[in-house]
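In: Turn this into a model:
(one chain, ligands or ions: 1)
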Amino acid sequence: MDDDGMMLNLVPGKAKASDSQDPKQSTRKKDEKDQSGGKKVIHGKVQVQSSLFTANPEYDQDQHKDNTVSSKDQQPSNAPTANMFESLGISNELIQVLNNKLQVTRPTLVQQRALPVLLGPAQGVQAISDPLPDTKKKGDVDVVVQAQTGSGKTLTYLLPMLQRLVAASTFNSTPSGANFTGFGSRAIGTVAIILTPTRELAQQVTNVLNQLLTLPRPADAYRRTHWMVAGMVIGGDSKAKEKARLRKGVTFLVSTPGRLLDHLQNTQSFDIRHLKWLVLDEADRLLDLGFEETLKQIMQLIQEKTKAEPLATYRHTLTHPLWPRGHQTILCSATLRDDVRQLAGTALVDPVFVNANGTPTRLTAATPALNESDNADDAPHTFSAPTQLQQTYTIVPAKLRLVSLIAFLRNRMKKKQAKSGKIIVFFSCCDSVDFHYDLLAHAGNPLTTDVDEDREDMLAALEDDDVGDSEKKTGNKKRPPRKTKKVREQEQLDFQRQPCQESKLLGDDVRVYRLHGDLPQDVRSSTFQQFNDASNGILLCTDVAARGLDLPNVACIIQYDPPTDMKDYVHRIGRTARLGKAGEARLFLLPSEMDYLPILKAQGMAIAQVTVESLLADTFGKLRHVYEAGAQETQDQLERYVLSEEENVILGRKAYWSSIRAYATHGAAEKHVFHVKKLHLGHIAKSFALREAPSQLQDPNKTKKKKDAKQERMPGKMKFRDGKQQPGKQQSGKQGKQQPGKQQQGKKGPGLGKRKRMGNADEFAIISSASTLAAGPTTKKKKLVKN
Ligand SMILES: Nc1ncnc2c1ncn2[C@@H]1O[C@H](COP(=O)(O)OP(=O)(O)OP(=O)(O)O)[C@@H](O)[C@H]1O
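Out: Numbers count the residues shown, from 1 in each chain. Model (predicted):
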C-alpha cells in the first residue's frame, strides 16, 4: 500500500524554537498552553502523549496472507542422514572425537556429498562424475559448498583437512608402529587458513578445531595431532601476541580478513609457503563490497608467498598425495550465488560445486549461472531455509512497534521460562541495539526522578542546541536532584562492560545481552561466550551475529528491523532450526512494507501471518479494550523512563536517527518497499519511546562554539553530526533541519550516498551513528551501516 499521503509528519505546531532565556517565556508558555487546549507546549510543539491506537494507517493485513504455509509436518532438511562417517573415508579416531566431543554420529546430506570430494584422490573415492584429468591440481579440486544454514558446513571443510593431516602424520610408519618415522612438526608453519567475516565466527571455528584436535592416543602410542596447533588472529586482539604465536607456527589459522592481511604484509615470521588449504567461510559475505579489496590483496599475497620453495625437510613429505598439490580453495555459504564467479575466474580453478540437492558438478565458465535457469524443469536457484523452520510475520504500525516487541518477548519469557530457549532480536544499527538494551535493562525499574516540568524544559533545551548547553538553559530552575557527571559516567562504564543485564520489564530472571561491532572486543567476546553458554536469554544484535554463529538452544529469531539484503534474511533466520531442530522466526513489518512478502515468497520463503492483535492479546489480555489499555500503559511507562534522564533521550534520538539512516541503505531492488519517504517520522519516534520526532541531530560531543565555527567555514552545510560533505559538492535541498524523506541532491555524498569501501575491513563495514542523513534512492548500490 502506498500511503505517502498519510505519511506526513503530523507533529503539530512547527513554530520556530524560541529562546529559552526570553523573559517573556513563561507568559508565552502560558498562552501556548491555553491555545492548545490545556496541553503542554514546548517551543511551539504540543507535547502530545498520543494514543497508540489512533491515527494509524489503514491497511489490509491479509493482502499477502498465505493459508497454505505450514512447517509443522515438514521433514527437517538439515538433519543428519542414516549414513555413517566410516563409509565416507573418515578414520575411527576422528569418528570417536566426533561422537564423544561433538555428539556427532551421522553425516548430514551436504557432508555426505562433500567429504569424498574434499578428501581427495588419496582416499580412492570417486567423488565426482567428471574427475579432473591430470591437471596442475592432480585431482585435488577447488570446492564450492552451498548448503542450508545449520547443516554442518564447518565440519564439512574441517574434517577432510584433519583426516588428511592425521594420515600424513603416519603414512611412512610401519604397521606395528615400530621404527616410526611419521611426520609432524609445528615448524612447517601454517598449512590451512580459514577466513571468516566476523570475530565471533572465527572464535567459534577455532573452538571446533580445538575440540577436533583432542584426538585420542592410538595403540602405537603416537598422538597424531601433537604437532597441530589451532590459532586465531582477529582485529581487536593484541598484535604482538599474535605475532609471537605465528612465529612458533600455527597449523590452522582462523582469521578475519583485515587482520590476516596485516600479518601477511607485516609479520616476517608468518610462514605460509606450505599452505595447503584456504577456506572462505561465509564466502559470499567475504566477497561483498567492504571486504572485496582486502580479499584481493590477501589472494595476491598468498599466490606470491606459496610460490616459495618448500623447506628441504618437508620436500619429500609433501609429495605424498595426502597433501593437496598447491593449495586448495574452499568456499562455503548458505547463500552462494553468482558472486562466486568473481573469484572463480581468479583464485578458483574449475571448482566443484557441492550442495545437498544433487551430485557434485564442476563449475566452469560454461556452466549456467547458479541463480539462472533456462530449463523450466530445472527450478531457478532460490535461497532455501530449513523446512522445519516456522517463518512468520506480523504487520505492525510504527506506533505499536515497541510495545509489540515487548509484548512478544514477555509472552515468550513467561510461557515456558527455563525451557523456552534463547531469543535473538535483530536491529539495523548499533545505536538501536544500545537503546533497546538500555530500555529493557532499566525501564522496568522504579524511576529515580520525576518526569516533571523541569525535566521537560531540559528536553526542550535539548531540542534547540547542544546537549551540553541544556544545563545552562535550565540552569536557574529547581530540578530533581541529579547524579554528578562523574557518577553517571562511572555507571555508564560499568553498564557497558557487563555482558548482560536483568530485565524486570520482561519478567523475573530474564537476561538480555547485546552484540554489535561498536563494543570493545573483550566485551564482545565475553558476551558471545556467555550467551552461548546460557540456557535462556535474549540477545539484541546487529547483523554481526547473523552469519555462521552456532548458538545452542536458540528457539526464536525476531527480525525487528527487516534485513537490507535477502541473504541476510536467510542467515538471520538460520540461527535457529539447526541440524534438524525446530525453530521459529518472526519478521516485523510496517504496513508500508507489506510488499516485501511477495519478494520473500519469490525467493522460496514460506511465511505465515500472525496478526498484531493476537500478538498483543497473547500478552495483555484477550479483550480488545484490555490489550489496548495494557499496551498503552506499557508505552507510557517506557516514555516516562526515556523522559526521566537526559542520557535516555540522547540514546533514543541517536537510535532513531541511526535507524532511519540504516533504513535508507536498502538496496535499489527493494527501494519501492523500504523507502524513507514512506515513514511516518512521528510514529517512528514513538517506537523509540520519544513523544515526537527529534527535529535535528544533536552531537553531545561538540560545543556550540565548534559548530558555529564550522558553519562559518562551510556555510550551507547541513548540521548533521559528523557530516562529511565531499569537497566541492554543494548539497542542495533544505539546509539545517533536513528531514529524512526529503530527496537530497548531490547523490555521491558520503554516508548514505555510497557504500563505504573499507580498505582493511575485518568486520562488517561500519559507520556508527547518524553522521549524515540523506534520503531517498540515492544510489543503486547497497550502502553500508555499522553493525
Ligand atoms: N553430522 C552432524 N550431526 C550432528 N551435529 C552436527 C553434524 N554436523 C555438524 N553438526 C553440528 O551442527 C551445528 C551447526 O553446524 P555449522 O555451524 O557447521 O552449520 P553451518 O551449515 O555452517 O551453518 P551456517 O550456514 O549458519 O553457518 C554445530 O553445532 C555442529 O557441531
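
In: What backbone torsions are found at residue 426?
Out: Backbone geometry at residue 426, expressed as degrees, to the nearest 10, gives phi -100, psi 130.

In: Count the residues that sit near it.
Out: Other residues near residue 426 come to 30 when the count uses other CB atoms under 10 Å. Using the backbone N, CA and C atoms, a C-beta is placed for each residue, glycine as well.

In: Can you tell me how far it is from the ligand?
Out: Residue 426 sits at a distance of 14 Å from the ligand (criterion: CB to the nearest ligand atom, to the nearest Å).

In: next one: residue 660
Out: Relative to the ligand, residue 660 is positioned 30 Å away (criterion: CB to the nearest ligand atom).

In: which SS class is that residue?
Out: Secondary structure state of residue 660, per DSSP: H, G, I helix; E, B strand; the rest coil, is helix.

In: burial measure for it, as a count.
Out: Considering only other CB under 10 Å, residue 660 is surrounded by 24 other residues.

In: Now stretch 388-396 - C-alpha only, PDB.
Out: What follows is stretch 388-396 as a C-alpha-only set of coordinates in PDB (Å, rounded to 0.1, in the frame of the first residue of the first chain):
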ATOM      1  CA  GLN A 388      11.200 -27.300   9.700                       C
ATOM      2  CA  LEU A 389      11.700 -23.600  10.500                       C
ATOM      3  CA  GLN A 390       8.400 -21.900  11.100                       C
ATOM      4  CA  GLN A 391       8.600 -18.500   9.500                       C
ATOM      5  CA  THR A 392       6.000 -15.900  10.500                       C
ATOM      6  CA  TYR A 393       5.400 -12.200  10.000                       C
ATOM      7  CA  THR A 394       3.400  -9.500  11.800                       C
ATOM      8  CA  ILE A 395       2.300  -6.300  10.300                       C
ATOM      9  CA  VAL A 396       2.900  -3.700  13.000                       C
END
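
In: How about residues contacting that stretch?
Out: By CB atoms under 8 Å, 6 or more residues apart in numbering, the list of residues contacting stretch 388-396 from outside reads 59, 61, 69, 71-72, 74-77, 385, 404, 573, 576-577, 580-591, 594, 597, 605-612, 615.

In: Cross-check the residues you listed against the ligand and keep the overlap.
Out: Under the cut-off given by CB under 6 Å from any ligand atom, the ligand has nothing from those close to it.

In: Take these and keep only those in strands.
Out: For the contacts of stretch 388-396, the ones inside strands are 583-589, 607-609, with DSSP state E as the criterion.

In: which bits of the stretch 401-550 of the chain sit near the ligand?
Out: For the stretch 401-550 of the chain, the residues in contact with the ligand under the definition CB under 6 Å from any ligand atom are 548, 550.

In: what residue ranges in the stretch 401-550 of the chain are flagged as low confidence?
Out: Low-confidence segments of the stretch 401-550 of the chain, defined by pLDDT under 70, span residues 415-419, 447-483.

In: Low-confidence regions, the stretch 101-250 of the chain specifically.
Out: Across the stretch 101-250 of the chain, residues meeting the criterion (pLDDT under 70) sit at 122-139, 171-183, 218-224.

In: Chain neighbours aside, what residue packs nearest to whatever residue of it ends up closest to the ligand?
Out: For the stretch 101-250 of the chain and the ligand, the shortest gap (CB to the nearest ligand atom) falls at residue 152, measuring 2.8 Å. When the adjacent residues along the chain are set aside, residue 152 lies closest to residue 108, with 4.6 Å between them (CB to CB, 6 or more residues apart in numbering).

In: show me what contacts the one you found?
Out: 78-81, 147, 151-152, 356, 579.

In: For these, which ChimeraX command selects only the ones that are buried?
Out: Command for ChimeraX that selects the buried part of the contacts of residue 108, burial taken from 16 or more other CB atoms under 10 Å:
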select :78,79,80,147,151,152,356,579
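
In: Turn the contacts of residue 108 into a markdown table, including secondary structure.
Out: A markdown table is the format used below for the contacts of residue 108 (three-state DSSP):
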| residue | secondary structure |
| --- | --- |
| 78 | coil |
| 79 | coil |
| 80 | strand |
| 81 | coil |
| 147 | coil |
| 151 | coil |
| 152 | coil |
| 356 | coil |
| 579 | coil |
